[in-house]
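Asker: what shape does this take:
(chains A and B)
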Amino acid sequence: MQRRLLIAFLAGATLPAYWVLHWIADLRAIKQEFVEKRIVWEKTEHRMRHMGVKGFFGISNLVNLLEKSGYSVSAGKKLRGTSGNDYLFDFVCKQAGSIIVIKGIEAEENVSETDVIELVTVMRETGVSGMLLVASPALSREAHDTAKKFGLEVIETENLNYGVTLPVPSFGKE
Amino acid sequence: MDILVSFVLPFASFLILIVNAYVLFPLISSPLRRRDREQKERKESDLPRISILLPAYREGKTLLRTVNNIKRMNYPNKKLELIIVTEINDPDTSRIAKRAASSAEQQGIVIKHVIVKDTPEPRGKPRALNQAFEHTTGEIVGVLDAEDAIDTELCRKVADAICVEGYDGVQGILDMANDYDGWLNVHFRSEYGYWYRLYLPELNASGYPFPFGGTTNFFRAETLRRIGGWDSYNLTEDFEIGMRFHVSGLLVKMLDAVTREESPTSFRAWLRQRTRWQRGKIQTMRKIARIKGCSIGRKTHMLMSCLVPHVGVINIIGIFLSSYIFVSRQSIPYEYTMLLFPNLLVIFVLAYLHGLGYLEATKDE
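Answerer: This is a model prediction of the structure:
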């Protein structure tokens, strides 16, 4: 609650600065409308960042259960790898020095082995203790084998958004 | 200096006050006017057929997810018709749309794939919507974006509002959920929280022209056909159609159904999107100015509505003027200072509402 209040306060306090940016957009719009006079639909690219928190696991029990198990869970968080690159995860769960990350991935058909190898590389570079890969619709057989070999927990689901009830992964603990 | 004092300051102050008063009026007045429409009983078998238009451009990956969401809505699949519209220069998305359409029959839902034909109209969403609209068979027609995360109860709420309560159009709540991406995204979420959860319901209850959002809006198909669909030459076709709803005296309802979207993750993307939106309002303003056979009152109402999204820009002018007056007040007439003082008060109120918008948008988190 305090964090939300703080963000809300900052949003209100910095509103005039946000309006200054609107000025720039307005000037561009005026230039396009009255000087250039060409109608071009500027496409907004999407990276599906909104799915991470609300749509992705929004109503699943996974995050709640992880929190009840003592993890502090942050949504949409980046971790820095040894190469200096930042990697974005849907959830980063921390408990007593161990970090577990959750990553959602989807493919038109099956998630490929290459995708899994990339994630294994990220997992190693960021030094996390475990990764849960939520794949939609499924992993290919090769991807399955690779994930198993490198200790990735995998959940396959047809729909990443709503109605997904996920089991809490063991992350190697029996 | 003389010109500033005798012309620019009074004019700017007047504009600032008028626009701000127009913006804030619904928040003050509408609770007195709001009333719920009478509801009639509806049988399950009476559910209307809903056609959902899903324009997708370079959105193959997100498209599948949204199609799955639509199929899983709490609404009989046989009463849903999904029309995916893709552009001819986007073969990847078209391939995915075609695949979704061919596999739909076994699931009971009708999915059509329409590739936009090249016409003299500018390429963009409204042209795609108009061409897709020709293929619809539903009593209700709605627009969703390919990246939307939608409420599973959305279609039931739409059906109730249009077929039971008798509204001509409905608009869902939009939420830019990725506020954790940075300062700009926090503002975007606050802005949407304020706009869709606090402001639009009051604005609608006050009888103001209703500016539809870019997604999660549904219309009675017959009404949409009668008013001529979307304006292919407007960059904010959603906003513009709201103005035509107002001219025709059509009724709109705000739905309590949240669609989660993604705000741009870079300043460049934000600027491009915002430029399009602001330009669309300017285009709409110019179009309204040319309308014939509409009362002056209604026309003014719509022109003022076009200024509402520019309220920030207008207030920035106010801040500069107020600061200037404050610094050099000895040489500026007292009455202008008094005229601009409310501007600062309004900015404070709008900043408060902006923050409140964030709290509203995140209240379930």
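Asker: show me the domain layout of chain A.
Answerer: Residue ranges for the domains of chain A, per automatic domain parsing: A:2-36, A:51-156.
Asker: tell me which of those sits nearest to residue B:219.
Answerer: Closest approach to residue B:219 among the domains of chain A (Cβ to Cβ): domain A:51-156, 25.2 Å. The way it works is simple: take the backbone N, C-alpha and C, and place the C-beta from them, glycine included.
Asker: low-scoring stretches of chain B, by residue?
Answerer: B:1-6, B:30-45, B:61, B:104-107, B:329-340 (pLDDT under 70).
Asker: now the helices: where do they sit in it?
Answerer: B:2-3, B:9-29, B:60-71, B:91-102, B:125-133, B:154-159, B:183-192, B:200-205, B:221-227, B:237-247, B:267-290, B:296-307, B:311-327, B:334-361 (DSSP state H).
Asker: now do the contacts for residue B:245.
Answerer: B:168-169, B:209-210, B:212, B:227, B:252 (Cβ atoms under 8 Å, 6 or more residues apart in numbering or on different chains).
Asker: likewise residue B:218?
Answerer: Residue B:218 is in contact with B:50, B:140-143, B:158, B:162, B:169-170, counting by Cβ under 8 Å, 6+ apart.
Asker: among the residues you listed, which pair sits farthest apart?
Answerer: Largest separation among the contacts of residue B:218 by Cβ to Cβ: B:143 and B:162, giving 14.1 Å.
Asker: who's in contact with stretch B:268-278?
Answerer: With contact meaning Cβ under 8 Å, 6+ apart, stretch B:268-278 is reached by A:21-22, A:24-26, A:28-29, A:32, A:41-42, A:44-45, B:184, B:188, B:235-236, B:263-264, B:309-310.
Asker: actually stretch B:54-64, not the one I wrote
Answerer: A:43, A:45-46, A:48, A:106, A:108, B:66-67, B:70, B:82-87, B:90, B:92-93, B:95-97, B:100, B:125, B:128-129, B:132, B:143-147.
Asker: for that stretch, how far is the first residue from the last?
Answerer: Distance across stretch B:54-64, first residue to last, is 11 Å (Cα to Cα, to the nearest Å).
Asker: burial count for residue 149?
Answerer: Using chain A. Residue A:149 sits with 10 neighbouring residues when counted by other Cβ atoms under 10 Å in any protein chain shown.
Asker: the intended chain is chain B.
Answerer: Here the number of neighbours of residue B:149 (other Cβ under 10 Å) works out to 25.
Asker: and it, how far from residue B:259?
Answerer: Per Cβ to Cβ, to the nearest Å, residue B:149 is found 7 Å from residue B:259.
Asker: for these two, list the residues in contact with both.
Answerer: Counting by Cβ under 8 Å, 6+ apart, residue B:149 and residue B:259 have no shared contacts at all.
Asker: which one's the longest helix in chain A?
Answerer: Max-length helix for chain A by DSSP H is helix A:15-30.
Asker: for that one, give the mean pLDDT please.
Answerer: For helix A:15-30, mean pLDDT rounds to 94.
Asker: now render the domains of chain A as JSON lines, adding distance to residue B:281.
Answerer: Conversion of the domains of chain A to JSON lines gives the following (distance: least, Cβ to Cβ, whole Å):
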{"stretch": "domain A:2-36", "distance to residue B:281": "8"}
{"stretch": "domain A:51-156", "distance to residue B:281": "28"}
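Asker: nearest to residue B:302, of those?
Answerer: Ranking the domains of chain A by proximity to residue B:302 (Cβ to Cβ) places domain A:2-36 first, at 17.8 Å.
Asker: from the contacts of residue B:245, which land in strands?
Answerer: B:169, B:252 (DSSP state E).
Asker: now neighbour count and distance to chain A too, for the contacts of residue B:245, in CSV please.
Answerer: Shown next, in CSV, are the contacts of residue B:245 (neighbours: other Cβ atoms under 10 Å in any protein chain shown; distance: Cβ to the nearest Cβ, whole Å):
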residue, neighbour count, distance to chain A
B:168, 21, 27
B:169, 26, 23
B:209, 24, 20
B:210, 23, 22
B:212, 24, 17
B:227, 16, 21
B:252, 23, 25
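Asker: what parts of the stretch 151-300 of chain B come near chain A?
Answerer: Residues of the stretch 151-300 of chain B lying near chain A by Cβ under 8 Å from any Cβ of the partner chain: B:152, B:175-181, B:183-184, B:186-187, B:190-191, B:233, B:235, B:260-265, B:267, B:269-279, B:282-283.
Asker: ok, then the element right after the helix or strand of chain A with the lowest mean pLDDT?
Answerer: Lowest on mean pLDDT, DSSP states H and E among the helices and strands of chain A sits helix A:62-68, with a mean of 70. For helix A:62-68, the following helix or strand on the C-terminal side (DSSP states H and E) is strand A:72-80.
Asker: which strands or helices does the next helix or strand after that following strand pack on?
Answerer: The element immediately downstream of strand A:72-80 (helix or strand, assigned by DSSP H and E) is strand A:86-95. Other elements packing on strand A:86-95 under the criterion 3 or more Cβ pairs under 8 Å, 6 or more residues apart in numbering or on different chains; DSSP states H and E are helix A:62-68, strand A:72-80, strand A:98-111, helix A:113-126.
Asker: okay, buried residues for strand A:86-95 please.
Answerer: Of all the residues in strand A:86-95, those buried under the rule 16 or more other Cβ atoms under 10 Å in any protein chain shown are A:87-94.
Asker: cool, stretch B:219-226 as well?
Answerer: In stretch B:219-226, counting by 16+ other Cβ under 10 Å, buried: B:219-221, B:223-224.
Asker: correct me if wrong: residue B:199 contacts residue B:27.
Answerer: Yes. Counting by Cβ atoms under 8 Å, residue B:199 touches residue B:27, with 6.9 Å between them.
Asker: overlap in contacts of the two?
Answerer: Both residue B:199 and residue B:27 are contacted by residue B:353, under the criterion Cβ under 8 Å, 6+ apart.
Asker: among those two, which residue is more densely surrounded?
Answerer: Ranked by neighbour count (other Cβ under 10 Å), residue B:199 and residue B:27 place residue B:199 first, with 21 against 15.
Asker: could you report the distance from that one to residue B:177?
Answerer: Applying Cβ to Cβ, the value for residue B:199 to residue B:177 is 19 Å.
Asker: ok, residue A:25 next?
Answerer: Going from residue A:25 to residue B:177 by Cβ to Cβ gives 22 Å.
Asker: between those two, who's got more neighbours?
Answerer: Neighbour tally, residue A:25 and residue B:177, criterion other Cβ under 10 Å: the higher count belongs to residue B:177, 31 against 22.
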